[in-house]
Structures are given as structure tokens and as C-alpha cells.
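# 3D, please:
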Amino acid sequence: MPGKTVISFIGANTMWIYLWHIPAIIVINRLLHPDYLWFARWVVMYAVAAGIYWIQYTSVNYLSRKYPNRTCWNYLK
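Residues are numbered from 1 along each chain as shown. Just a heads-up that it's a prediction; the model follows:
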């Protein structure tokens, strides 16, 4: 992610962040009441989803450098 700002990283990866927000919503709804501070829940959910995707992004980049002949990494970026 060198040279990328947070905004450009999020903008380029919104689909993955959207997909990772689904398990984040399930966990947050089990921990907090659904009517409890919706804005705070939204911020936490977005931060968790972006964090999970950042882990996926860095892991896939590491593995694609370590095993460059595998094409499966292209589908996870």
C-alpha cells in the first residue's frame, strides 16, 4: 500500500469492504442492542470491515510475492 492514501485505498476496495461488513454487522448486533447508538455502531462496523480487509490485502500481497506462479491470488486482491 505504499503511496496510497487511506481514501484512495478505501475507494479502490469498496466491494471487499462491503462484503466484510456483513460478518461485522452480525457480531456487532450480537454484542450491542440494535437501537443502541446507530452512528457509533456504523463507525465500529466500518472500521472492523476495513481492518479485516486490510489483513486480507496484506496477506494476499505477501503470499503472491512468496508464491508468484499461483493465479488464485488475483481473485483475492
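
# burial of Ile10, as a residue count?
Ile10 has 15 neighbouring residues, counting by other C-beta atoms under 10 Å. (C-beta placed from N, C-alpha, C; glycine too.)

# you'd agree it is up against Tyr18?
No - taking contacts as C-beta atoms under 8 Å, Ile10 lies outside contact range of Tyr18: 10.9 Å.

# Need the overlap of contacts for these two.
Common contacts of Ile10 and Tyr18, defined by C-beta atoms under 8 Å, 6 or more residues apart in numbering, are absent altogether.

# Show me where the protein has its helices.
For the chain, helices defined by DSSP state H occupy the ranges 6-12, 14-31, 38-66, 73-76.

# residue contacts, the most centrally placed residue in the chain?
Nearest residue to the geometric centre of the chain (C-alpha atoms, centre = their mean): Tyr53, 2.4 Å. Applying C-beta under 8 Å, 6+ apart to Tyr53 gives the contacts Asn13, Trp16, Ile17, Trp20.

# most surrounded residue in these?
Ranked by the number of neighbours (other C-beta under 10 Å), the contacts of Tyr53 place Trp20 first, at 21 neighbours.

# That one against Ile55, yeah?
No - judged on C-beta under 8 Å, Trp20 makes no contact with Ile55 at a distance of 9.5 Å.

# Can you list phi and psi of the residue of the chain positioned farthest from its centre for me?
Distance to the chain centre peaks in the chain at Asn69, reaching 25.1 Å (criterion: C-alpha atoms, centre = their mean). When quoted as degrees, to the nearest 10, the phi and psi of Asn69 stand at phi -90, psi 0.

# Alright, that wraps it up for me.
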